[in-house]
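Engineer: I need the structure of the sequence given here:
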Amino acid sequence: MIQLFHAASGACSRMFTEQYSTSFASAIRLLHKDMRMPIYHIYGFVRLADEIVDSFHDYDKRQLLAQLKADTMNAIRDGISLNPVLHSFQITVNSFKIEHALIDAFFRSMELDLDKKSYDQNAYDEYIYGSAEVVGLMCLSVFCEGKAALYEKLKSYARSLGAAFQKVNFLRDVKADMQQLERFYFPQCDFRNFSQNHKNEIEEDIRKDFDKAFEGIRLLPLKARFGVYVAYKYYLSLFNKIRRVQPHRIWEERIRIPDYGKLFIVAKAGVRMRLNLL
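Structural biologist: Predicted coordinates:
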């Protein structure tokens, strides 16, 4: 009956993903069926930690995060957890031999969110690595299915894709991060006096991440390529929309892609895939 517990735990991770990110959930459904559940497992775990630092304001966040970290490492060591999201995450960590150093770096970034309100360049780089690039590397472990040489070849591209996604999230969520959490992620940047030059500098950095990430997507195994490409195109479209708006709108509103735009992205990506243009 342990298989029933595995399935129920995976369903919880999938529900977390679908509730918190319809875009990622849509992209995951476009992966090969062998890869969907492991990616749900990773995203569900990541979302759980994010919620502690972003949403549980009436609770002792530091204690909750420390408990989650301890429970996570125990689950990986023991091969089981009574927390369904951690149970499914440990299955994927142990099955795909995900490096524990990636998980440590992820928790370090979540801990930074407990204390830091603004970042210098070094702290920003550390936060981006732990909060986003390592998630890209965890997913890459699944996509490479144990092929160590391929994983090493694609590592830098996966890090760039994770970094691009996270930096676009920062730009999209400036208003909420500042007003609700009092966080300023971009170094040496005051969004209350956000200039076009500041915006251009940030966007140029993100563009380089997207450019490098695309090179890696074309090298991914076919089982992963389409789903990752759709996620890439969705974020690239959001990024391009942000590039077209005036700096003050970043502070005033949350820029988003409408649902019909997301459907168009999937359809167009499907055509490119069928024409072997990826």
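Engineer: okay, CA-based contacts and neighbour counts for the rest of this
Structural biologist: OK.
Engineer: next, the buried residues of stretch 256-275.
Structural biologist: 262, 265, 266, 269, 270 (16 or more other Cα atoms under 10 Å).
Engineer: sort out for me which of those residues are in helices.
Structural biologist: 262, 265, 266, 269, 270 (DSSP state H).
Engineer: would you mind measuring from the residue most central in space within the chain to residue 52?
Structural biologist: Geometric centre of the chain, nearest residue: residue 132, 5.2 Å, by Cα atoms, centre = their mean. Per Cα to Cα, to the nearest Å, residue 132 is found 17 Å from residue 52.
Engineer: ok, residue 133 next?
Structural biologist: 20 Å.
Engineer: these two: which has the busier surroundings?
Structural biologist: Just comparing residue 133 and residue 52: by other Cα atoms under 10 Å the higher neighbour count belongs to residue 133, 27 against 21.
Engineer: list the residues that contact that one.
Structural biologist: 158, 159, 160, 161, 162, 163 (Cα atoms under 8 Å, 6 or more residues apart in numbering).
Engineer: so it belongs to a helix, correct?
Structural biologist: Yes - counting by DSSP: H, G, I helix; E, B strand; the rest coil, residue 133 is found in a helix.
Engineer: contacts only, for residue 229.
Structural biologist: By Cα under 8 Å, 6+ apart, the neighbours of residue 229 are 217, 269.
Engineer: how close does it sit to residue 260?
Structural biologist: When residue 229 is compared with residue 260 (using Cα to Cα), they lie 18 Å apart.
Engineer: can you list the neighbours in contact with the lengthiest helix in the chain?
Structural biologist: Counting by DSSP H, the longest helix found in the chain is helix 148-172. The set of residues external to helix 148-172 that reach it, using Cα under 8 Å, 6+ apart, is 128-129, 131-137, 140-141, 144, 185, 206-207, 209-210, 212-217, 219-220, 232, 235, 238-239, 242, 250, 254-256.
Engineer: now, which of these lie within strands?
Structural biologist: With DSSP state E as the criterion, strands contain none of these.
Engineer: now do the contacts for the closest residue to residue 217 other than its chain neighbours.
Structural biologist: In space, residue 217 comes closest to residue 225 once its chain neighbours are excluded; the distance is 6.2 Å by Cα to Cα, 6 or more residues apart in numbering. Going by Cα under 8 Å, 6+ apart, residue 225 touches 31, 217, 218.
Engineer: burial of residue 173, as a residue count?
Structural biologist: 16.
Engineer: excluding its backbone neighbours, what's nearest it?
Structural biologist: In space, residue 173 is closest to residue 254, 6.2 Å off (Cα to Cα, 6+ apart).
Engineer: contacts only, for the one you found.
Structural biologist: Residue 254 neighbours (Cα under 8 Å, 6+ apart): 172, 173, 174, 175.
Engineer: tell me how far the first one lies from residue 150.
Structural biologist: Spelled out, that is residue 172. Distance from residue 172 to residue 150, by Cα to Cα: 33 Å.
Engineer: the more surrounded of those two?
Structural biologist: Applying other Cα under 10 Å to residue 172 and residue 150 shows that residue 172 carries more neighbours, namely 20 against 17.
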